[in-house]
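Asks: Please find the sequence and the predicted model below.
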Amino acid sequence: MKGLITKATGSWYQVLLDNGESVSCRLPGKFRLSEEQIVNPVAVGDNVDVTLEKDGTGVINRIGERKNKLVRKATHGRRGIQLLATNVDLVLIVQSLREPIFKTGFIDRLLVTCEAWEIPALVIINKTDLQKSSKDQEKLEQIETLYREIGYDFLKTSIHDRTSIKKLSTALKGKISVFSGHSGTGKTSLLNALSPGLQLKTGDISRSSNKGKHTTTYAQLIRLSEDTYVVDTPGIREFGLVDLEPYELSLFFPEMRTHRESCRFYNCTHRHEPDCAVLTAVEDGNVPVSRYKSYLNILESIETGQE
Ligand SMILES: Nc1nc2c(ncn2[C@@H]2O[C@H](COP(=O)(O)OP(=O)(O)OP(=O)(O)O)[C@@H](O)[C@H]2O)c(=O)[nH]1
Ligand SMILES: [Mg+2]
Ligand SMILES: [Zn+2]
């Protein structure tokens, strides 16, 4: 039987079969030897073939071809690469207006990853109901203009604003989308708002640090309707920027892409080199300063190997 992996937590895998049933499946050892540095052979989003056993469990005997893979460097001191999700159509980059306050650096890092993986992204600023002053309003408008002008989709949401939830629902239709963003920004709450029957667990914001407490602890694929799926993730900080040379980074900043072709050196890093067209574009206001700052930060991470 064919199915889709909805949970992958170690030795057991939850598979949603085409007939709508969900079964726990084992994965034979041979799959663990397969791909190079990948520490987990199966992830949510994978299409699999399953044989059902008498006891109601299943065995995975084939993993389907993948359209794409979201990966990060393995955590807990393990070497290699960890698969987060596969066959992803859209990455939702969720930040909140307040509690915790949004960081454009985080958005930019994830956007670079999405560019590198060629997966469309939707930037979401949630908790717009926490807007307190006209200054907040101004800040929101600025950030919306910033990302829209570069060409990214952008959405303001609040779980208390049905219209914004409807817009989000429309954006997700017919796709497998992955929620990413810091803990506490409201990823799970947005899911509950999209489908109130889910009643997924959400968390409070710590009073002392004003951050979330990592309420969601593993990636889970949830079916919202017939052909619409979302992956709720633990507050992912970033997807690893795998194998990127410093001079290639600006390829993944769409607003720098055209300028970089006019730099004197093909491997210009747009920092101190003479006749750098990107630097000129920053000075002329054609590349936003906040984006250029993010660029420099990511460049440094790549050069020092610390992501
Ligand atoms: N005012 C307001 N609060 C919200 C909104 N969305 C979420 N919250 C609150 O923010 C807190 C954190 O929400 P979660 O949904 O658990 O956040 P999360 O992003 O899933 O966090 P992790 O699972 O830890 O990654 C909860 O107290 C929610 O009630 C919103 O639109 N407005
Ligand atoms: Mg959560
Ligand atoms: Zn340059």
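Replies: Received the coordinates, thanks. Residues are numbered from 1 along each chain as shown. Ligands and ions are numbered 1, 2, ... in the order given.
Asks: From now on I want contacts and neighbour counts done on CA atoms only, so please keep to that.
Replies: Will do.
Asks: what's the following helix or strand after the lowest-mean-pLDDT helix or strand in the chain?
Replies: Least confident helix or strand, the chain: strand 69-73 with a mean of 81, by mean pLDDT, DSSP states H and E. The helix or strand immediately downstream of strand 69-73 is strand 81-86, counting by DSSP states H and E.
Asks: Centre of the chain to that next one, how far?
Replies: In terms of C-alpha atoms, centre = their mean, to the nearest Å, the centre of strand 81-86 is set 11 Å apart from its chain centre.
Asks: Summarise which helices and strands that strand is packed against.
Replies: For strand 81-86, the packing partners by 3 or more C-alpha pairs under 8 Å, 6 or more residues apart in numbering; DSSP states H and E come out as strand 69-73.
Asks: rewinding a little: partners of the least confident helix or strand of the chain, with directions?
Replies: Next to strand 69-73 in the sheet, as set by DSSP bridges, lie strand 81-86 (antiparallel).
Asks: and residue 26, what does it touch?
Replies: If you count contacts by C-alpha atoms under 8 Å, 6 or more residues apart in numbering, residue 26 has them with 11-13, 57-60.
Asks: Relative to residue 54, how far out is it?
Replies: Between residue 26 and residue 54 the distance, using C-alpha to C-alpha, to the nearest Å, works out to 14 Å.
Asks: ok, residue 56 - how many residues close by?
Replies: 9 (other C-alpha atoms under 10 Å).
Asks: Spatially nearest residue to it (excluding sequence neighbours)?
Replies: residue 23 (7.4 Å; C-alpha to C-alpha, 6 or more residues apart in numbering).
Asks: Can you give me the buried ones in stretch 64-77?
Replies: For stretch 64-77, burial by neighbour count (16 or more other C-alpha atoms under 10 Å) applies to 69-74.
Asks: For it, output the C-alpha coordinates as PDB.
Replies: Only the C-alpha atoms of stretch 64-77 are listed here, as PDB (Å, rounded to 0.1, in the frame of the first residue of the first chain):
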ATOM      1  CA  GLY A  64       9.800   7.200  -3.200                       C
ATOM      2  CA  GLU A  65      11.900   9.700  -5.100                       C
ATOM      3  CA  ARG A  66      12.100  13.100  -3.500                       C
ATOM      4  CA  LYS A  67      11.300  16.400  -5.100                       C
ATOM      5  CA  ASN A  68      13.400  18.200  -2.600                       C
ATOM      6  CA  LYS A  69      14.800  17.800   1.000                       C
ATOM      7  CA  LEU A  70      15.000  20.300   3.900                       C
ATOM      8  CA  VAL A  71      18.100  19.400   5.900                       C
ATOM      9  CA  ARG A  72      20.200  20.800   8.700                       C
ATOM     10  CA  LYS A  73      23.400  19.800  10.300                       C
ATOM     11  CA  ALA A  74      22.800  17.000  12.800                       C
ATOM     12  CA  THR A  75      22.300  18.200  16.400                       C
ATOM     13  CA  HIS A  76      23.400  16.700  19.700                       C
ATOM     14  CA  GLY A  77      27.000  16.500  18.600                       C
END
